[in-house]
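# build me a model:
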Amino acid sequence: MIRCVIFDFDDTLEDFWTTKRKTHLEVGKYIEKKYGVKKEKFAEEFDAIDYHFTLAGIGKNPKSYDRDLWFRYFAKNRIKITESEIKKLTQMYWRAVLKYARLYPETKTVLKKIKQKKAMITDSDGTREIKTARLKKLGIYNSFDIILTSDDTGQNKPSRKFYNIVCKKLKVKPEECVMVGDKPEVDLKLAKKLGMKTVWIVKGDWALKRKNKKFGYVDCRINSLKQLLIVL
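Numbers count the residues shown, from 1 in each chain. You can find the predicted model right below:
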């Protein structure tokens, strides 16, 4: 019997792919005006930097996703930039993310219809507060019995700490849980190893790059959260 559904956040419940594209272009306007790098070029390169650090940060310290680090990487051997300017760009980035943040249209309806306990496990965006602000703005912060970020565990996903805390707090066994996420290697591989059912939602840039791959630890693929209700 399934007693708990565990969700990833970015590109699982929230259309973060679209948010990122808009954010990168908005920050790119500032970059172009001040440093002469075309906004489209910046957006393209920052997409690649995002992907690089997301891969490199799997299972590591949450600070690997701090955008200060990403902007330093972009600027290295290219433009002269001060640390105060790095901080300014990071603040600009997260203001844009908060402005453009949108849930998938069906997210709230699906969450309301799920009768099982609900948990969210998500990597931090530099600090827990940044992601918490987005959850509150989108109106789903109170939709979960527990929300854990990598700042709470000290490790990025995948980490057993997330699942240990969820199972202990909600008094469920791994085999009574379903894990839903857009990144099979990050969200589902460990969950399956622990005995959970796994659902891959093929949304967002990461998932679309892997849509033609088959993963032995994925029990079910869905293209919309509405399909999750059928799976459950």
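# low-confidence stretches in this protein?
Scanning the chain for pLDDT under 70 picks out nothing.
# just the helices from it, written as ranges.
Using DSSP state H, the helices of the chain run over 16-35, 39-56, 67-75, 83-100, 107-113, 128-137, 150-153, 160-170, 189-193, 204-209, 226-231.
# most tightly surrounded among the ones you listed?
Counting by mean count of other CB atoms under 10 Å, helix 150-153 has the highest mean neighbour count of the helices of the chain, with a mean of 21. To be clear about C-beta, it is placed using only N, CA and C from the backbone, and glycine gets the same treatment.
# contact partners of that helix?
62, 65, 122-124, 127-128, 156-157, 159, 161-162, 165 (CB atoms under 8 Å, 6 or more residues apart in numbering).
# same question, stretch 23-33
Residues outside stretch 23-33 that contact it (CB under 8 Å, 6+ apart) are 37-43, 46-47, 89, 92-93, 96-97, 100.
# and Thr127, how far from Ala133?
According to CB to CB, to the nearest Å, Thr127 and Ala133 sit 10 Å apart.
# meant to ask about Val110, not that
23 Å.
# the closest residue to Tyr35 other than its chain neighbours: neighbouring residues, count only.
Leaving aside its sequence neighbours, Tyr35 sits nearest to Ile79 (CB to CB, 6 or more residues apart in numbering; 4.7 Å). As a burial measure, Ile79 scores 13 neighbours (other CB atoms under 10 Å).
# didn't Ile79 look like it was pressed against Val37?
Yes: with contact defined as CB atoms under 8 Å, Ile79 reaches Val37; the gap is 7.1 Å.
# please produce JSON lines containing the contacts of helix 150-153, extended by distance to Asp205.
Formatted as JSON lines, these follow (distance: CB to CB, whole Å):
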{"residue": "Pro62", "distance to Asp205": "21"}
{"residue": "Tyr65", "distance to Asp205": "16"}
{"residue": "Thr122", "distance to Asp205": "17"}
{"residue": "Asp123", "distance to Asp205": "15"}
{"residue": "Ser124", "distance to Asp205": "19"}
{"residue": "Thr127", "distance to Asp205": "23"}
{"residue": "Arg128", "distance to Asp205": "24"}
{"residue": "Asn156", "distance to Asp205": "18"}
{"residue": "Lys157", "distance to Asp205": "17"}
{"residue": "Ser159", "distance to Asp205": "23"}
{"residue": "Lys161", "distance to Asp205": "27"}
{"residue": "Phe162", "distance to Asp205": "23"}
{"residue": "Ile165", "distance to Asp205": "29"}
